[in-house]
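Chemist: generate coordinates for the sequence data below:
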Amino acid sequence: MCISISDILVVPKRRVERFVDLIYEEIADLFHVVQVVQKMLEKKYFATATNISIQDGYDAGQTVRHLHVHVIPRKPSDFEGGHDQLYEELESHEKGKNRRARTQDEMSAEALEYRRLLNPAEN
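Modeler: Residues are numbered from 1 along each chain as shown. Below is the predicted model of the structure:
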């Protein structure tokens, strides 16, 4: 589940639990998609920076047992308490605190908008 409305999770095609379970080609594909998503999010949300985060294993805060990459566009002072507040939010979020599940309609609308932004020639 995402931290904010502008946070996207990127997952590899093959379901794996840990980053070390990926082969080289899967790592290249995963981070190519992360970069494409990063560019799209920074443009859409007028972000000046991005956090890219993986909680790789239970002891790193991973609560969902499959690899996923958080792509989180950032702006100055977007988390009260400073830039590192994001990491506290990630930790509490991964543990189920401060979570509000979005509805299927919300997720569908968001997916359509992102698809349009990523594939402008198809519009």
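Chemist: hang on, residue 51 in a helix?
Modeler: No - judged by DSSP: H, G, I helix; E, B strand; the rest coil, residue 51 forms no part of a helix; its state is strand.
Chemist: give me the distance between it and residue 104.
Modeler: Applying Cβ to Cβ, to the nearest Å, the value for residue 51 to residue 104 is 27 Å. Quick note: C-beta positions are derived from backbone N, CA and C, even for glycine.
Chemist: kindly report the same for residue 116.
Modeler: Applying Cβ to Cβ to residue 116 and residue 104 gives a distance of 19 Å.
Chemist: okay, the two: which has more neighbours?
Modeler: residue 116 (11 against 8; other Cβ atoms under 10 Å).
Chemist: what's the host helix or strand of that one packed up against?
Modeler: Taking DSSP states H and E as the criterion, residue 116 maps to helix 104-118. The contact analysis (3 or more Cβ pairs under 8 Å, 6 or more residues apart in numbering; DSSP states H and E) places helix 104-118 against helix 24-45.
Chemist: how far off centre is the helix it packs on?
Modeler: A distance of 10 Å separates the centroid of the chain from that of helix 24-45, by Cα atoms, centre = their mean, to the nearest Å.
Chemist: what comes into contact with that helix?
Modeler: 6, 8, 10, 12-14, 19, 22, 47-48, 50, 52, 69, 71, 73, 75, 114, 117-118 (Cβ atoms under 8 Å, 6 or more residues apart in numbering).
Chemist: so which of the residues you listed are in helices?
Modeler: Counting by DSSP state H, the contacts of helix 24-45 place 114, 117, 118 in helices.
Chemist: quick one on the thing from earlier: list buried residues within the contacts of helix 24-45.
Modeler: Neighbour counting with 16 or more other Cβ atoms under 10 Å marks 6, 8, 10, 12, 19, 22, 47, 50, 69, 71, 73 as buried within those.
Chemist: state the number of residues packed around the nearest residue to the fourth one once chain neighbours are set aside.
Modeler: Setting aside the residues directly before and after it, residue 12 is nearest to residue 30 in space (Cβ to Cβ, 6 or more residues apart in numbering), at 4.9 Å. Each residue near residue 30 was counted by other Cβ under 10 Å, and the total is 21.
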